[in-house]
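Enquirer: structure for this input, please:
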Amino acid sequence: MSLLEIQDLHVSVEGKPILKGVDLKMEKGQIHALMGPNGSGKSTLSNALLGHPKYEVTKGHILFEGEDITHLKTHERARKGLFLCFQYPTAIPGVSVANFIRTALKSVRGEASVVKTFRKSLREKMQLLGMDEKIASRYVNDGFSGGEKKRLETLQMAMLEPKLAILDEADSGLDIDALRIVSDGVNRLASPERGILLITHYQRMLDYVLEKRGYDWLQEKQPANA
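Expert: Prediction:
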């Protein structure tokens, strides 16, 4: 059973066809890259996978761990283990990072499991990603640099521990140092139980991900006769 299987997916936005027959299959532990120029439908696919109401599936199916989730609501997909890092994260003045992530965890896992372990887990994940713990008390993306916004998205992914993480142009607008930090975060969070879909129109992030994981790792993933 595949982690994700997209079958002949057609998606329209406000009546305009954007995707016209997309097929994709992903297994647990795999990192897939989707590349293409602006306007080619990359973000449309990511939004359709998470059930954005603006993106209408007119044909085809989205299967997650063998279950057809094509018509599920966004929060239902999140509870099943899907996660999306946005290309342009939104600022939420007045809501601290810690409270925002705590609320997200309660929504996905339930309150009881969050209360006992939240603070310890948040500290551990921030240390893993090299983040200053003071960020937890700042308002979500309010006054954040581009790199800080993307690192916060990576922190959310680390805390929610999704089965499938979709990174929609996580390298957009980043300088070289921020790009390395985000790429390192992706590599740290990769695991045999998690699939990652990288959506980008730049080669640079893919280079960092492969470089960090090592080409021996890449060869191990190829068939012996490849």
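Enquirer: I'd like the next helix or strand past the longest helix anywhere in the chain.
Expert: Longest helix of the chain, by residue count under DSSP state H: helix 111-128. With elements assigned by DSSP states H and E, the helix or strand that comes after helix 111-128 is strand 139-140.
Enquirer: who touches that following strand?
Expert: Strand 139-140 is contacted from outside by 90, 91, 92, 93, 94, 95, 96, 97, 100, 152, using Cβ atoms under 8 Å, 6 or more residues apart in numbering. In this view, the C-beta of every residue, glycine as well, is placed from N, C-alpha and C.
Enquirer: what distance do you get for the first one to residue 17?
Expert: Read it as residue 90. The spacing between residue 90 and residue 17, counted by Cβ to Cβ, to the nearest Å, is 27 Å.
Enquirer: quick one: which of the two has more around it?
Expert: It is residue 17, of residue 90 and residue 17, that has more neighbours when counted by other Cβ atoms under 10 Å, with 13 against 8.
Enquirer: read off the pLDDT value for the more buried one.
Expert: pLDDT for residue 17: 96.
Enquirer: which elements pack onto the helix or strand where residue 76 lies?
Expert: Using DSSP H and E, residue 76 maps to helix 74-80. Using 3 or more Cβ pairs under 8 Å, 6 or more residues apart in numbering; DSSP states H and E, the elements in contact with helix 74-80 are helix 97-109.
Enquirer: now do the helix it packs on and helix 111-128, the angle between them.
Expert: Orientation check (axes from the mean of the first three to the mean of the last three Cα atoms, to 10 degrees): helix 97-109 against helix 111-128 gives 130 degrees.
Enquirer: elements contacting helix 97-109?
Expert: On a contact count with 3+ Cβ pairs under 8 Å, 6+ apart, helix 97-109 meets helix 74-80, helix 111-128, strand 139-140, helix 146-160.
Enquirer: could you rerun that using 10 Å?
Expert: On a contact count with 3 or more Cβ pairs under 10 Å, 6 or more residues apart in numbering; DSSP states H and E, helix 97-109 meets helix 74-80, strand 92-96, helix 111-128, strand 139-140, helix 146-160.
Enquirer: and those, which one is worst for confidence?
Expert: Comparing mean pLDDT across the helices and strands packed on helix 97-109, the lowest value falls on helix 111-128: a mean of 81.
Enquirer: ok, back up a step: for the helices and strands packed on helix 97-109, which one sits closest to residue 177?
Expert: Closest to residue 177 of these is helix 146-160 (Cβ to Cβ; 7.3 Å).
Enquirer: just want the angle from that closest one to helix 111-128.
Expert: In terms of direction (the same axes, to 10 degrees), helix 146-160 departs from helix 111-128 by 140 degrees.
Enquirer: give the buried residues for helix 146-160.
Expert: Across helix 146-160, burial judged by 16 or more other Cβ atoms under 10 Å covers 146-160.
Enquirer: and what of stretch 71-84?
Expert: Within stretch 71-84, the residues scored as buried using 16+ other Cβ under 10 Å are 72, 77, 78, 80, 81, 82, 83, 84.
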